[in-house]
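Undergrad: Just need the structure, nothing else, for what follows:
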Amino acid sequence: MPWIQLKINTQAEYAEQVGEMLSANGAQAVTFLDAKDTPMYEPKPGEVLLWPDTQVIGLYDAEFDMARVVSQLEKSKVLGKGFNHKLDQLEDKDWEREWMENFHPIQFGEKLWICPSWRDVPDPSAVNVMLDPGLAFGTGTHPTTSLCLRWLDGLEVSNKTVVDFGCGSGILGIAALKLGAKHVHGIDIDPQALLASKDNAGRNGVEDKISVYLPKDQPNLQADIVLANILAGPLRELRNVITEYCVTGGYLVLSGILATQADEINTLYAQDFDMEPNAVEGEWARVSGRKR
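TA: Numbers count the residues shown, from 1 in each chain. Alright, predicted model coming up:
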């Protein structure tokens, strides 16, 4: 079953209340993480300690109406209208980081490989992206990422500029650079993702070809290729923003979309793009097109 996680940073005094609100609004599980790497000490018997800055994470079925959940949470006095949050896809057993044992080099298309930075490269002559995602989403093992990587492998990207919207680990933008792109602009609401993207760019020797931004800090951008592996909700809400990133004649690829949502997203972006047939892997889909 595909999952989505809702992340909310809050003060420790409100964390349990936020967790209860997530559970009341359909979360299958709620976890608490230190949001600022603050050390914790052994609690006294019967005492529950939370960090001064706590990230509360709710786990939801990917079919769940997350817009409704966010709308309900905005009514609370603790969070309020427009509270900061992040929605993203959950990689299998991400919470245990078991991928470090099971994450092996994977080939996408004819020439592109994603290789864990701690393993040997199977084909030195291939286009190899060395990756350690850290705390950010994107290893290539999730269908949404692999669908985008195979699309990139089949596209002529030489000397193209790229916007990687929701860059996560930087995997898509760095793959584009290793395939010949000129420059990548990575955008993410999560500062950890920007750090992971820059670290992975350095690991691949392309740090001078990638710029990363929080949305509030980004300059006016346009690119030949726009990648957005996020979720269907933000793809709907940010259609105008994402469309404006793409130059006339440029290429667009969207993922983070359930197969049941793909036709709707395809139709929505067809207002400005000549759309290709949807690609589906398991329960997830990719939508792509070229701007008119």
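Undergrad: per-residue confidence at Arg150?
TA: Looking at Arg150, its pLDDT reads 93.
Undergrad: Next, the contact list for Arg203, please.
TA: Counting by CB atoms under 8 Å, 6 or more residues apart in numbering, Arg203 makes contact with Ser117, Met130, Leu131, Asp132. For every residue, glycine as well, the C-beta is placed using N, CA and C.
Undergrad: Most neighbours out of those, which is it?
TA: Most neighbours among these, by other CB atoms under 10 Å: Leu131, with 25 neighbours.
Undergrad: Find the least confident helix or strand in the protein, judged by mean pLDDT.
TA: None of the helices or strands of the chain scores lower by mean pLDDT, DSSP states H and E than helix 99-102, at a mean of 56.
Undergrad: Output the contacting helices and strands for the next helix or strand after that helix.
TA: Where DSSP states H and E defines the elements, the next helix or strand beyond helix 99-102 is strand 106-108. Judged by 3 or more CB pairs under 8 Å, 6 or more residues apart in numbering; DSSP states H and E, the packing partners of strand 106-108 are strand 112-116, helix 143-153.
Undergrad: Nearest to Gly58, out of these?
TA: Of all the helices and strands packed on strand 106-108, it is helix 143-153 that lies closest to Gly58, at 19.8 Å by CB to CB.
Undergrad: can you give me the angle that closest one makes with strand 112-116?
TA: Going by axes from the mean of the first three to the mean of the last three CA atoms, to 10 degrees, helix 143-153 is angled at 140 degrees with respect to strand 112-116.
Undergrad: And helix 143-153, how far out from the chain middle?
TA: Centroid separation for helix 143-153 versus its chain: 13 Å, with CA atoms, centre = their mean, to the nearest Å.
Undergrad: Greatest separation within the contacts of Arg203: which pair is it?
TA: Of all pairs drawn from these, the one with the longest distance (CB to CB) is Met130 and Asp132, at 7.9 Å.
Undergrad: who touches both of those two?
TA: Pro116, Ser117, Asn200, Arg203.
Undergrad: could the residues you listed go into TSV alongside distance to Glu264 and pLDDT?
TA: Formatted as TSV, the shared contacts of Met130 and Asp132 follow (distance: CB to CB, whole Å; pLDDT from 0 to 100):
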residue	distance to Glu264	pLDDT
Pro116	35	77
Ser117	38	74
Asn200	32	90
Arg203	37	90
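Undergrad: Need the pLDDT of Val241.
TA: Here, the pLDDT recorded for Val241 equals 96.
Undergrad: Distance of it relative to Pro215?
TA: Going from Val241 to Pro215 by CB to CB, to the nearest Å gives 9 Å.
Undergrad: Buried by neighbour count: which residues of stretch 220-228 qualify?
TA: Burial within stretch 220-228, assessed by neighbour count using 16 or more other CB atoms under 10 Å, is assigned to Leu221, Ala223, Asp224, Ile225, Val226, Leu227, Ala228.
Undergrad: out of those residues, which one sits closest to Val121?
TA: Once CB to CB is applied, the member of the buried residues of stretch 220-228 that ends up nearest Val121 is Leu227, at 24.0 Å.
Undergrad: Wasn't the closest one part of a strand?
TA: Yes: per DSSP: H, G, I helix; E, B strand; the rest coil, Leu227 lies within a strand segment.
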